[in-house]
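Student: For reference, the sequence and a predicted model appear below.
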Amino acid sequence: MRVAALLVGTMLSATVLFADHHNVDFDRHTDFSKVKTFAMREGKGDSSQPELNNTLVVKKTADAIRAQLVSKGLKETFNSPDLLVDYSITGEDFAEQRGGPITQSEATLVIDLVKRDSSALVWRSVYRDSERNPAKLAQKLPEDVKKSLSEYPPRQKGVIDPGPSTLTSAPAAAPSSNPKAVAAAALDIVKSTVADTAYVGPDSHPGLAINLAGLERAARAVSDDNGRNAAATTTKNIALFEAIKSSADYATSIASRNVETADSKEKSRSLAAKLRSLSGS
């Protein structure tokens, strides 16, 4: 009986380890029944894994997204599309013990649908797929795209109030805060975090390192902005808050992994809390 219980526990642990995670959020004030057209923007492949970080994988992912949106009745156009489609692919390898053989690879696929006329993020899917190697992840990306878009369009009932967008954190936070002060604080957080090379580096949480590098670029863009172009300033501010949210979400995902040490989980929770405090979330 004891052996059987141990076997069941091991099986459950393995199931959790390699389980997929899918989260969708959308703006409740957007009437998606009125969305008819879209345009694809250039995707991003930020991964240390060559199986994921190559132009062929990015193109296949774009083709899969395009096919799914067309199957849902949307038309691709370059002439004033209703939605702009952004997407990114990141990857990371894990070992049960530091320095040991790789036992798990994880890819994160983020698909964002942005209103062209307001630059507001109105729909986001975050799909994390765990497999035993990155080659398998690359093969499954088209399937992951299908699962990611399975909840588009979102189910909406009753009258949709055309109020302000609630999904994008940047526009809501920017008016009540000083983006340059937020950028300076973000740079301090990035600097102190990456200084801990045992926690962030090529051999430890490279995916987080990639996220933080993106946050650093966005923060420096805001810090160096001269404010002469209002539209460009707004775009940079939005990008900063989106980068803060992305890094905070990634840190939170680290804290939830069974393979992480207690110290790593605590550092990840602390980092996520610091980042979220910058955007007031």
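Tutor: Everything's here; your move.
Student: Surely residue 134 touches residue 93?
Tutor: Yes. Counting by CB atoms under 8 Å, residue 134 touches residue 93, with 7.1 Å between them. Backbone N, C-alpha and C define where each C-beta goes, glycine included.
Student: mind listing what's buried in the host helix or strand of residue 143?
Tutor: Element membership of residue 143 [criterion: DSSP states H and E] is helix 134-148. For helix 134-148, a neighbour-count test (16 or more other CB atoms under 10 Å) marks 134, 137, 138, 140, 141, 142, 144, 145, 147, 148 as buried.
Student: Switch those residues over to CSV; also include pLDDT and distance to residue 276.
Tutor: Listed next are the buried residues of helix 134-148 as CSV, based on pLDDT from 0 to 100; distance: CB to CB, whole Å:
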residue, pLDDT, distance to residue 276
134, 85, 30
137, 89, 28
138, 90, 32
140, 92, 31
141, 93, 29
142, 93, 33
144, 95, 27
145, 96, 28
147, 95, 27
148, 95, 24
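Student: would you turn those residues into JSON lines with distance to residue 193?
Tutor: Listed next are the buried residues of helix 134-148 as JSON lines, based on distance: CB to CB, whole Å:
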{"residue": "134", "distance to residue 193": "25"}
{"residue": "137", "distance to residue 193": "26"}
{"residue": "138", "distance to residue 193": "29"}
{"residue": "140", "distance to residue 193": "31"}
{"residue": "141", "distance to residue 193": "29"}
{"residue": "142", "distance to residue 193": "34"}
{"residue": "144", "distance to residue 193": "29"}
{"residue": "145", "distance to residue 193": "31"}
{"residue": "147", "distance to residue 193": "32"}
{"residue": "148", "distance to residue 193": "29"}
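Student: tell me which of those residues is nearest to residue 112?
Tutor: Taking CB to CB as the measure, residue 112 lies nearest residue 148 of the buried residues of helix 134-148, at 10.9 Å.
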